[in-house]
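Novice: Next one to model:
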Amino acid sequence: MPSSQPYFREAGSGPGVVCIHSNASSSAQWRGLMDQLSQNHRVLAPDSYGSGKSPDWHSQREISLLDEVSFIEPVLALAGTPFTLVGHSYGAAVALIAALVNPSRVRALAVYEPTLFAVVDAKGPPPNGADGIRNAVRAAGEALDVGDRDAAAGHFIDFWMGAGSWSATPLQRKPAIAASVTNVRRWSHALFTESTPVEAFAALDIPILYMLGKSSPESAHAVARALLPVLPRVRVVEFAALGHMAPVTHPDAINAEIVKFLNEA
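Specialist: Numbers count the residues shown, from 1 in each chain. Model prediction:
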């Protein structure tokens, strides 16, 4: 019987840190951060449903962010109490929900551009700041409907990283990304239909590092404009020359900020 448990990487000992990756990625994106933090922390990085070495989502029911949190609960348990959550993009949205449902267990939160698009739609229906990713998902879905995974990945990757990024992706990396992007509608459903009202995040009375790339698409910045006013103990860091995928493309800069935050928090 296939495992229903998440695959995860682990390194070091000390206070727990759980790192949650973006979609179209895996726990491997956090290897550099794990190397740095493992000197003083126990760092765990799970693969989400359908990513890396973890099993795929098993139900006909549409997935939710809470389902993602429940899936990685064994990893959260291993981190001990209290632990810190680190997340990027979809993983940052999962981290926000995990922090809300585990108020006594999470001591700090470091996120890079959580893609919680439901809070944008809640402020006002389309057209709004989430239209860019909404349109990219629609185009990717249409490509998948005709069996063109390469085009689907192109729509998704180019939206987040800029036109031509998919073409410039090394050939050896493309198959895994294209296979992952088949889940694009599932990710979109979880992010656009999350029912948690933005006001609920005011309960996160913990140190929060909220990182942004100035060059990121409007869809990411629209989420920040909705979330930041309600977070009571947030520190915002914007990287002037970086975009949404900076934790992958420029990990040294992002990891340094996370390490600094954890040392202070």
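Novice: Can you tell me the centre-most residue of the protein?
Specialist: Taking CA atoms, centre = their mean, the centroid of the chain lies closest to residue 91, which sits 2.2 Å from it.
Novice: Could you find the closest non-adjacent residue to that one?
Specialist: residue 20 (3.4 Å; CB to CB, 6 or more residues apart in numbering). Just so you know, the C-beta spots here come from the backbone N, C-alpha and C atoms, and that holds for glycine as well.
Novice: Contacts only, for that neighbour.
Specialist: 45-46, 48, 72, 85-88, 91-92, 94-95, 98 (CB atoms under 8 Å, 6 or more residues apart in numbering).
Novice: Looking at the residues you listed, which are in helices?
Specialist: 91-92, 94-95, 98 (DSSP state H).
Novice: okay, those residues in TSV with pLDDT and distance to residue 37 next?
Specialist: As requested, the ones in helices among the contacts of residue 20 are arranged in TSV below (pLDDT from 0 to 100; distance: CB to CB, whole Å):
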residue	pLDDT	distance to residue 37
91	98	16
92	98	17
94	98	19
95	98	16
98	98	18
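Novice: For residue 198, state which of the residues you listed is nearest.
Specialist: Closest approach to residue 198 among the ones in helices among the contacts of residue 20 (CB to CB): residue 92, at 15.0 Å.
Novice: Kindly indicate which of the ones in helices among the contacts of residue 20 lies nearest residue 218.
Specialist: residue 92 (17.2 Å).
Novice: just to revisit the earlier point, got a list of what the residue nearest to the centre of the chain touches?
Specialist: 19-23, 48.
Novice: same thing with residue 193?
Specialist: Contacts of residue 193 (CB under 8 Å, 6+ apart): 62, 64, 118.
Novice: Report the rounded mean pLDDT for the helix or strand that residue 210 is a member of.
Specialist: Residue 210 belongs to strand 208-213 when assigned by DSSP states H and E. What strand 208-213 shows for mean pLDDT is 98.
Novice: Figure out how far the helix or strand that it is followed by is from the centre of its chain.
Specialist: Sequence-wise, the next helix or strand downstream of strand 208-213 (DSSP H and E) is helix 218-227. Computed by CA atoms, centre = their mean, to the nearest Å, the chain-centroid distance of helix 218-227 equals 14 Å.
Novice: between the contacts of residue 193, which has the most around it?
Specialist: residue 118 (21 neighbours; other CB atoms under 10 Å).
Novice: tell me the contacts of the residue lying closest to that residue once chain neighbours are set aside?
Specialist: Closest residue to residue 118 apart from its sequence neighbours, by CB to CB, 6+ apart: residue 194 at 4.2 Å. The contact partners of residue 194, taken as CB under 8 Å, 6+ apart, are 64-65, 93, 97, 116, 118-119.
Novice: Assign residue 194 to helix, strand or coil.
Specialist: Secondary structure, DSSP: H, G, I helix; E, B strand; the rest coil: residue 194 is coil.
Novice: Please report how far it lies from residue 53.
Specialist: Look at residue 194 and residue 53: by CB to CB, to the nearest Å, they are 26 Å apart.
Novice: mind listing the strands in the stretch 1-150 of the chain by residue range?
Specialist: 8-11, 16-20, 42-46, 83-88, 106-112 (DSSP state E, counting those that start in this stretch).
Novice: That concludes my questions; thank you for your assistance.
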